[in-house]
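Trainee: heads up, no residue letters with this:
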């Protein structure tokens with residue numbers, strides 16, 4: 001089975017306050033109803049979520065367009081979407 005393409009969940013990133021030491025699963029497929037986090041909707045797509053552990057309590061920008069080259073964080077790729 002070939003890997004499906006990610007769905008753009010939204011054009012802008014998600015600002016999230018992380019908890020120190022907490023493990024997160026970032027949705028890479030764009031299909032989760034719990035954006036920007038995985039809810040298992042990727043099953044059958046060939047796309048897997050990205051594991052991310054917060055080292056400290058801080059605000060981060062998770063990619064919403066799913067086009068980032070620095071998953072799971074936003075790299076500004078959404079600026080190139082038409």
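Mentor: Happy to help now that I have it. Quick caveat: nothing in here was measured; it's all calculated off a predicted structure.
Trainee: what does stretch 20-29 rub up against?
Mentor: Residues from elsewhere that reach stretch 20-29 (C-beta atoms under 8 Å, 6 or more residues apart in numbering): 4, 6-7, 9, 18, 34-39, 41-42, 45, 47-57, 62-63, 66, 71-72. In this view, the C-beta of every residue, glycine as well, is placed from N, C-alpha and C.
Trainee: hmm, which of the residues you listed are the buried ones?
Mentor: Among those, the ones that count as buried by 16 or more other C-beta atoms under 10 Å are 6, 9, 18, 35-38, 41-42, 45, 47, 49-50, 52, 54, 62-63, 66, 71-72.
Trainee: so where do the helices sit in the chain?
Mentor: Applying DSSP state H to the chain gives no helices.
Trainee: Poorly predicted segments of it, please.
Mentor: 1-2, 82 (pLDDT under 70).
Trainee: show me what contacts the residue nearest to residue 40 when sequence neighbours are not counted?
Mentor: Leaving out its chain neighbours, the residue that sits closest to residue 40 by C-beta to C-beta, 6 or more residues apart in numbering is residue 32, at 7.8 Å. Listed by C-beta under 8 Å, 6+ apart, the contact set of residue 32 reads 9, 38-42.
Trainee: nearest to residue 79, of these?
Mentor: residue 9 (16.0 Å; C-beta to C-beta).
Trainee: Alright, calling it a day.
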